[in-house]
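**Student:** Task: produce atomic coordinates for the following.
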Amino acid sequence: MVNAIVAGAAGRMGKRIIHMIQQNPGIALAGAFEHPEHPAVHKDAGEEAGTGNLGVEIAPSLDAVLGKGDVLIDFTTPAATLENLHIAVSRGLAMVIGTTGIQGGQLEEARSLAENIQCVMAPNMSVGVNVMFKMAKEMARLLGKDYDMEILEVHHRLKKDAPSGTAMHLARILAEAVGRDLEDVGVYERKGQIGERTNEEIGIQTWRGGDIAGEHTLMFAGIGERLELIHRAHNRDNFARGAVRAALWVVEQPNGLYDMQDVLGIK
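**Tutor:** A predicted model of the protein is given here:
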């Protein structure tokens, strides 16, 4: 039995992860925590998640639940995740990171730290999206130098970061496949007299609205034809299900940084 600690236990993803833990006999909720000022602190994690009383109180910090679990599942914010990662490394606690919006120096720091523990870090835990990543790489290799590459991501109105971590990961896959530097060719906004599209640019555009769980469209536009690769998430359960699968897998691995394609065996 794998004992899991859930960060952000009263958040949208935290609640769904707790649901998925309850549905999997190989893993149990051993600890849960939130920001110390969150109104759910000291309440039962199961009751907050809608699964019924689990006898697991939501603590005000990771420190308060250290020693209770084998793996920490974290879908919070970049700053909170980095803080939790520092603590996990100091205690040798395995970790699954699904937090989006970790970029630049924060991403470099997270990757460096994660090498010291058993850690899965991925911008999207969905099985379908990770198959999309694999297909995108091959499509870009075959088409990318002769076709314009564009990404559109659509999410609910409450999402705080843009573009999504999934869209950025897709963009990095495309750029690497065709030997470009995303820092030089990424285009995130178009307005006014922008001139003709260059052959090198990779467009990453964002829509926000309603309660859309997540949608990513990858377009390869050529002369006289276009190909589109689309993933639509109907709810958050596929992300939570993937996170639980990653948690069960990573505790059996040696120290190192992994992603969901490692978990799924499709790398």
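**Student:** Relative to the strand or helix carrying residue 204, what are the paired strands and their orientations?
**Tutor:** Following DSSP states H and E, one finds residue 204 within strand 202-208. Taking DSSP bridges as the criterion, strand 202-208 sits next to strand 148-155 (parallel), strand 186-187 (parallel) in its sheet.
**Student:** Any buried residues in it, and which?
**Tutor:** 202-206 (16 or more other Cβ atoms under 10 Å). Backbone N, C-alpha and C define where each C-beta goes, glycine included.
**Student:** got the contact list for the residue nearest to residue 100 when sequence neighbours are not counted?
**Tutor:** Beyond its immediate neighbours in the sequence, the residue positioned closest to residue 100 (Cβ to Cβ, 6 or more residues apart in numbering) is residue 165, lying 3.5 Å away. Neighbouring residues of residue 165 by Cβ atoms under 8 Å, 6 or more residues apart in numbering: 99-102, 123-124.
**Student:** Select from those every entry located in helices.
**Tutor:** Judged by DSSP state H, helices contain none of those.
**Student:** Got the phi and psi for the residue positioned nearest the centre of the chain?
**Tutor:** Residue closest to the mean C-alpha point of the chain, counted by Cα atoms, centre = their mean, is residue 123 at 2.8 Å. Per-residue torsions, residue 123: phi -70, psi -20 (degrees, to the nearest 10).
**Student:** Could you work out the end-to-end span of stretch 139-147 for me?
**Tutor:** In stretch 139-147, first residue to last residue: 10 Å (Cα to Cα, to the nearest Å).
**Student:** For that stretch, buried residues please.
**Tutor:** Per 16+ other Cβ under 10 Å, stretch 139-147 contains these buried residues: 139-140, 143-144, 147.
**Student:** Turn those residues into TSV, columns for pLDDT and distance to residue 219.
**Tutor:** Converted to TSV, the buried residues of stretch 139-147 look like this (pLDDT from 0 to 100; distance: Cβ to Cβ, whole Å):
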residue	pLDDT	distance to residue 219
139	97	10
140	97	12
143	96	11
144	86	12
147	98	9
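**Student:** Just those: which are in helices?
**Tutor:** Going by DSSP H, the helices hold 139-140, 143 from those.
**Student:** so can I have a markdown table of the buried residues of stretch 139-147 showing distance to residue 264?
**Tutor:** Shown next, in a markdown table, are those (distance: Cβ to Cβ, whole Å):
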| residue | distance to residue 264 |
| --- | --- |
| 139 | 19 |
| 140 | 20 |
| 143 | 24 |
| 144 | 24 |
| 147 | 27 |
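**Student:** any low-confidence regions in the chain?
**Tutor:** For the chain, not a single residue meets the criterion pLDDT under 70.
**Student:** just so I have it, where are all the strands in the stretch 151-267 of the chain?
**Tutor:** Under the criterion DSSP state E, counting those that start in this stretch, the stretch 151-267 of the chain contains strands at 186-187, 202-208, 214-221, 226-233, 256-258.
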